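Peer 1: Have a look; sequence and predicted model below, questions after that.
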Amino acid sequence: MTEQPASQVLGRWRIVEIEGWDADYIDMLGPGHIQLDRDGGTIEFGVVQIGLECWYSRPASTSTSMVATRTPRFQATATPI
C-alpha cells in the first residue's frame with residue numbers, strides 16, 4: 001500500500017499580516033495563527049479566538065488540496081509554522 005503524502009494545507013499557520021491590524025495587535029496574547037485540521041480549525045490573534053467549521057478533502061483525480069469554511073471573509077497573510 002502506498003502512503004498518501006502529507007497535506008500542504010493542514011497544520012498550524014503563523015499570521016504575519018492582517019489588513020487593518022498592526023503586528024503588535026496580532027501577537028498581543030501570543031503568536032497569531034490559523035490551525036487547520038481535517039475536521040475543523042481555529043484562528044487566534046489579538047484577543048480574538050474563532051472556531052472554524054471547515055473540512056479538508058483531497059480530490060481523487062488530482063493532487064490539489066482544498067479547505068472549505070463557512071467563516072466570514074477577511075484578508076490575512078500566513079506562513080507555515
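Peer 2: Nice, thanks for sending it over. Numbers count the residues shown, from 1 in each chain.
Peer 1: Now the strand or helix carrying Tyr56: buried residues?
Peer 2: Following DSSP states H and E, one finds Tyr56 within strand 54-57. Using 16 or more other Cβ atoms under 10 Å as the burial criterion, the residues of strand 54-57 that qualify are 54, 56. C-beta: built from backbone N, CA, C; applies to glycine.
Peer 1: C-alpha coordinates for that strand, CSV please?
Peer 2: Taking C-alpha atoms only, strand 54-57 is exported to CSV below (Å, rounded to 0.1, in the frame of the first residue of the first chain):
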residue,chain,number,x,y,z
CYS,A,54,-14.3,23.6,7.9
TRP,A,55,-13.3,20.4,6.3
TYR,A,56,-10.5,19.1,4.2
SER,A,57,-10.6,16.9,1.1
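Peer 1: Which neighbours in the sheet does that strand have, and how are they oriented?
Peer 2: strand 66-69 (antiparallel) (DSSP bridges).
Peer 1: Averaged pLDDT, the strand it pairs with. What do you get?
Peer 2: The predicted model assigns strand 66-69 a mean pLDDT of 46.
Peer 1: Same check on stretch 44-57?
Peer 2: Mean predicted confidence for stretch 44-57 is 86.
Peer 1: List the buried residues in it.
Peer 2: Quick answer for stretch 44-57 (16+ other Cβ under 10 Å): 44-46, 52, 54, 56.
Peer 1: Now do the strands in this structure.
Peer 2: Applying DSSP state E to the chain gives strands spanning 11-18, 33-37, 40-45, 48-52, 54-57, 66-69, 76-80.
Peer 1: So which of the ones you listed is nearest Tyr25?
Peer 2: Among these, strand 40-45 comes nearest to Tyr25, with 7.6 Å by Cβ to Cβ.
Peer 1: by how many degrees do that closest one and strand 48-52 diverge?
Peer 2: Angle, strand 40-45 to strand 48-52, by axes from the mean of the first three to the mean of the last three Cα atoms, to 10 degrees: 160 degrees.
Peer 1: Fine by me, thanks again.
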